[in-house]
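Peer 1: Need coordinates for the below:
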Amino acid sequence: MRKIEESELIINEDGSIFHLHLKPGQIADTVLLVGDPGRVEMITAYFDSIEFSVANREFVTSTGTYKGKRISVLSTGIGTDNIDIVVTELDALANIDFEMRTEKQVHTTLNLIRLGTSGSIQPEISIGAFVSSHISIGFDGLLNYYANRDNISLLDFENAFLQHLNWDKKLPTPYFVAASEKLIKLFEDSTTEGMTVSAPGFYGPQGRVLRLPLWKADQNELIEKFEYRGKKITNFEMEGSAIAGLSRLLGHEAITICTVIANRTNKTALVDYKNNVRKMVEMTLEKILTL
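Peer 2: Below is the predicted model:
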């Protein structure tokens, strides 16, 4: 069995993994992922008890119980580059023997649920709605660095999208990945079905123009009009594609659920959105009790 070298899997002196500063056994099988470190405490305020909390940079983790169910909450910060760290290290904690530096013979499947905010691009998706990303679209290119990305990608969607936008070859090739079927069913009665773009930036990659022009001035209009197999692109966010893609490759269940706080088509925004996010969190905590 292949031994993973020290330079590839860096373990801190206290036995914790390099970035997250977590040790094997400290994460639950169900992990709620949030971007904002401050949102970890907001979620764990609902918990019955907290086993421990640890923080390193933007990565803040608390593990505890909600109505008797063990749950971890972890902040990722912004962007799919951070998701590469988070999902890879969570998988290592679950599926690598740190002492032997080898993959465990029995695979542990994690439930990874991202709770975030997003902007919708379809006029009928109202501000305050909860959108679950049944399909995530990565503008980031992260998954392209890993073998077998085509095996877990929706290549027909990808090809149709590339043709529709006449995609520039200088840009990373987008990838389309479906969420966990199990988690889609869990949330389908409480959320709006979404096909969500994960952008590698907040401004240009999401079609915002301040002083710099875009590579394609009508980028968002074309994205809004894209339709394939009866599905339209619903919203923008910045992390879900990497969560979906890496989870598929590593054998985990994953989905992204976002509260819509802006409608890019209607040019409207919800400034005070914290109560809506709380309702999303409360709904999610109740749903995952059955996992």
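Peer 1: Taking the centroid of this structure, which residue is nearest it?
Peer 2: G240 (3.0 Å; CA atoms, centre = their mean).
Peer 1: mind listing what the nearest residue to it once chain neighbours are set aside touches?
Peer 2: Nearest residue to G240, sequence neighbours excluded (CB to CB, 6 or more residues apart in numbering): T256, at 3.4 Å. Placement of C-beta: from N, CA and C, glycine included. Neighbouring residues of T256 by CB atoms under 8 Å, 6 or more residues apart in numbering: 113-114, 116, 132-133, 136, 179, 196, 237, 239-240, 243-244.
Peer 1: List the ones among these that fall in strands.
Peer 2: Judged by DSSP state E, the subset of the contacts of T256 located in strands is 113-114, 116, 132-133, 136, 196, 237.
Peer 1: residues touching T44, list them.
Peer 2: 50, 53, 62, 64, 73.
Peer 1: Just the buried ones from those?
Peer 2: 62, 64, 73 (16 or more other CB atoms under 10 Å).
Peer 1: did I read that right, the first one in a strand?
Peer 2: It refers to S62. Yes - counting by DSSP: H, G, I helix; E, B strand; the rest coil, S62 is located in a strand.
Peer 1: Please tell me how far it sits from L74.
Peer 2: Counting by CB to CB, to the nearest Å, the gap between S62 and L74 amounts to 8 Å.
Peer 1: got it, and the second one?
Peer 2: The spacing between G64 and L74, counted by CB to CB, is 12 Å.
Peer 1: now, among the ones in strands among the contacts of T256, which is nearest to K169?
Peer 2: The closest of those to K169 turns out to be S136 (CB to CB; 22.3 Å).
Peer 1: Tell me the bridge partners for the closest one.
Peer 2: Listed beta-bridge partners, S136: V177, T196 (assigned using DSSP bridges).
Peer 1: So which residues of the stretch 1-150 of the chain form strands?
Peer 2: 30-34, 49-56, 59-66, 69-75, 96-97, 102-103, 111-120, 130-138 (DSSP state E, counting those that start in this stretch).
Peer 1: V260: which of these is closest?
Peer 2: Of the strands of the stretch 1-150 of the chain, nearest to V260 by CB to CB is strand 111-120, at 4.7 Å.
Peer 1: residues making contact with stretch 28-41?
Peer 2: 43, 53, 55, 58-63, 69-78, 86, 90, 94, 108-116, 238-239, 243, 277, 284, 288, 291.
Peer 1: Among the residues you listed, name the buried ones.
Peer 2: Here, 16+ other CB under 10 Å leaves 43, 58-63, 69, 71-77, 86, 90, 94, 110-116, 238-239, 243, 277, 284, 288 buried among the contacts of stretch 28-41.
Peer 1: May I have the predicted confidence score for G68?
Peer 2: On pLDDT, G68 comes in at 97.
Peer 1: ditto for L270
Peer 2: Model confidence at L270 (pLDDT) stands at 80.
Peer 1: likewise the one 4 residues further on?
Peer 2: As summarised for this prediction, K274 has a pLDDT of 91.
Peer 1: Quick check: can you name the pairing partners of the worst-scoring helix or strand of the chain on mean pLDDT and their directions?
Peer 2: Within the chain, no helix or strand scores below strand 268-269, which has a mean of 82 by mean pLDDT, DSSP states H and E. With DSSP bridges as the test, strand 268-269 is paired with strand 253-263 (antiparallel).
Peer 1: now the strand it pairs with: mean pLDDT?
Peer 2: On average, strand 253-263 scores 95.
Peer 1: mind saving the C-alpha coords of it as PDB?
Peer 2: What follows is strand 253-263, C-alpha atoms only, in PDB (Å, rounded to 0.1, in the frame of the first residue of the first chain):
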ATOM      1  CA  GLU A 253     -22.100  13.200  -0.400                       C
ATOM      2  CA  ALA A 254     -22.300  17.000  -1.000                       C
ATOM      3  CA  ILE A 255     -24.700  19.800  -1.800                       C
ATOM      4  CA  THR A 256     -24.700  23.600  -1.700                       C
ATOM      5  CA  ILE A 257     -27.700  25.600  -0.300                       C
ATOM      6  CA  CYS A 258     -27.700  29.400  -0.500                       C
ATOM      7  CA  THR A 259     -30.000  32.200   0.600                       C
ATOM      8  CA  VAL A 260     -30.600  34.600  -2.300                       C
ATOM      9  CA  ILE A 261     -29.600  38.100  -1.100                       C
ATOM     10  CA  ALA A 262     -29.600  39.800  -4.500                       C
ATOM     11  CA  ASN A 263     -31.300  39.500  -7.900                       C
END
